[in-house]
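Colleague: Sharing a sequence plus its predicted fold:
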Amino acid sequence: NAGVMQNPRHLVRRRGQEARLRCSPMKGHSHVYWYRQLPEEGLKFMVYLQKENIIDESGMPKERFSAEFPKEGPSILRIQQVVRGDSAAYFCASSQVNSPLHFGNGTRLTVT
Amino acid sequence: RKEVEQDPGPFNVPEGATVAFNCTYSNSASQSFFWYRQDCRKEPKLLMSVYSSGNEDGRFTAQLNRASQYISLLIRDSKLSDSATYLCVVNQNYGQNFVFGPGTRLSVLP
């Protein structure tokens, strides 16, 4: 039973480019969460999605960031026109109802 | 007041020591509770869920006090491999709202 799969593991983008981060939840999990972690800091909630619905995006920056979880395929976190401050580890987690979160191994984004 | 607060740390302890982590939460409607550990530059991993009656898994014991809105994690006979950041996580309702504490870093020294 594969765990939460994230790709790519490492992503390098120049300022102004777009970054697309993908997350496939564990089999049977219908809830997906995205978190961001800056170096030496804690996890910051970004967005919570179910299939085709954004449930809570209170942690998402108002501009340049978007997330989706389509009926088919992985969840995508999209960052447009990246800036150096976007450099961070982005973790995806999934869960079933009333069960703990299970995390993927993250995507490390570096903006040069 | 932050929603979930933890001991600021870091904790530096010798091998074999017993170490306790504390966590408090502000939302009295919180429903479920967890401890995660996160190794440097890795993803958080579920260590254990925390049940009302308290629960134990080998060297690890978790306690919950709903009246005081307090959660604890006790590690006995600590090993070098226990070195990590320990995260307290509170699920604030059955609608899947997970709130993470800032974490407490533990270093077990030889």
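Modeller: Looks like it arrived, so ask away.

Colleague: quick one: contacts of the helix or strand where residue A:35 lies?
Modeller: Assigned by DSSP states H and E, residue A:35 falls within strand A:31-37. By C-beta atoms under 8 Å, 6 or more residues apart in numbering or on different chains, the list of residues contacting strand A:31-37 from outside reads A:23, A:25, A:43-50, A:67, A:69, A:75, A:77, A:88-97, A:101, A:106, B:96, B:98, B:100. Every C-beta, even on glycine, is put in place using the N, C-alpha and C of the backbone.

Colleague: filter those residues to the buried ones?
Modeller: Buried members of the contacts of strand A:31-37, scored by 16 or more other C-beta atoms under 10 Å in any protein chain shown, are A:23, A:25, A:43, A:45-49, A:67, A:69, A:75, A:77, A:88-95, A:101, A:106, B:96, B:98, B:100.

Colleague: how much space between the residue of chain B found nearest chain A and residue B:17?
Modeller: Closest to chain A within chain B is residue B:43: 4.0 Å, counting by C-beta to the nearest C-beta. Per C-beta to C-beta, to the nearest Å, residue B:43 is found 27 Å from residue B:17.

Colleague: Which other helices and strands does the helix or strand of chain B with the lowest mean pLDDT contact?
Modeller: Least confident helix or strand of chain B, by mean pLDDT, DSSP states H and E, is strand B:98-100 with a mean of 89. Applying 3 or more C-beta pairs under 8 Å, 6 or more residues apart in numbering or on different chains; DSSP states H and E, one finds that strand B:98-100 contacts strand A:43-50, strand B:84-91.

Colleague: Understood, closing this out.
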